[in-house]
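Engineer: Give the three-dimensional model of this entry:
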Amino acid sequence: MQKLNLPAYQFNIKTLKSKSYLFDNVRKRFVLLTPEEWVRQNFIMYLTEVKKYPPSLMAVERQININDKLFRFDLLVYNKKGEPLLIAEFKAPGVSINQETFDQVVRYNMALRVERVIVSNGMQHYVCQVDYKANSYKFLQEVPGYYP
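Structural biologist: I've put the predicted structure just below:
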């Protein structure tokens, strides 16, 4: 798989019937290794290894209901109180990050109201801090570390 703009990590990868599968430590199962999954798994490792986000507080590819429509987010991290803290949307490295990508994650966030929003294709990473009291947001230079 492609080298990303993230630290390099070791993964448990197996091949079955000419398809590669990677073990997802959050979902505790092997998942099909696609370019988007490669970005997701590397970013999860970055969050857990470098930024110290607990994998036990992560949810990967889960459905949410927004205005009676079902959507599936890529990654949601909770705080220790069980409240959503961070949402991330991942794209394959060859997919440009554009307004449509941001609109997708903002749509999810209208229901979740997280304070940290990440969009990444593995090469470019955008991180926003949302301030609901001031009704504003700002782009950050890097992902903040986990705080309980």
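Engineer: count of neighbours near residue 138?
Structural biologist: By the criterion of other C-beta atoms under 10 Å, residue 138 has 10 neighbours. C-beta coordinates here come from the backbone N, C-alpha and C atoms, glycine included.
Engineer: Could you please name the strands the helix or strand hosting it pairs with and the direction of each pair?
Structural biologist: In the assignment (DSSP states H and E), residue 138 maps to strand 136-140. Its sheet considered, strand 136-140 pairs with strand 125-131 (antiparallel) by DSSP bridges.
Engineer: Can you point out the buried residues in the strand it pairs with?
Structural biologist: 125, 126, 127, 128, 130 (16 or more other C-beta atoms under 10 Å).
Engineer: Now do the third one against residue 142, distance only.
Structural biologist: Residue 127 is 7 Å from residue 142, where distance means C-beta to C-beta, to the nearest Å.
Engineer: One more: the fourth one?
Structural biologist: Using C-beta to C-beta, residue 128 is found at 12 Å from residue 142.
Engineer: for this structure, what spans make up the strands?
Structural biologist: Counting by DSSP state E, the chain has strands at residues 13-16, 19-24, 29-32, 58-66, 69-78, 84-90, 116-120, 125-131, 136-140.
Engineer: Quick one, which of those strands gets closest to residue 99.
Structural biologist: strand 116-120 (10.8 Å; C-beta to C-beta).
Engineer: Give me the contacts around that closest one.
Structural biologist: 39, 43, 85-91, 97, 101-102, 105-106, 109, 125-130, 137, 143-144 (C-beta atoms under 8 Å, 6 or more residues apart in numbering).
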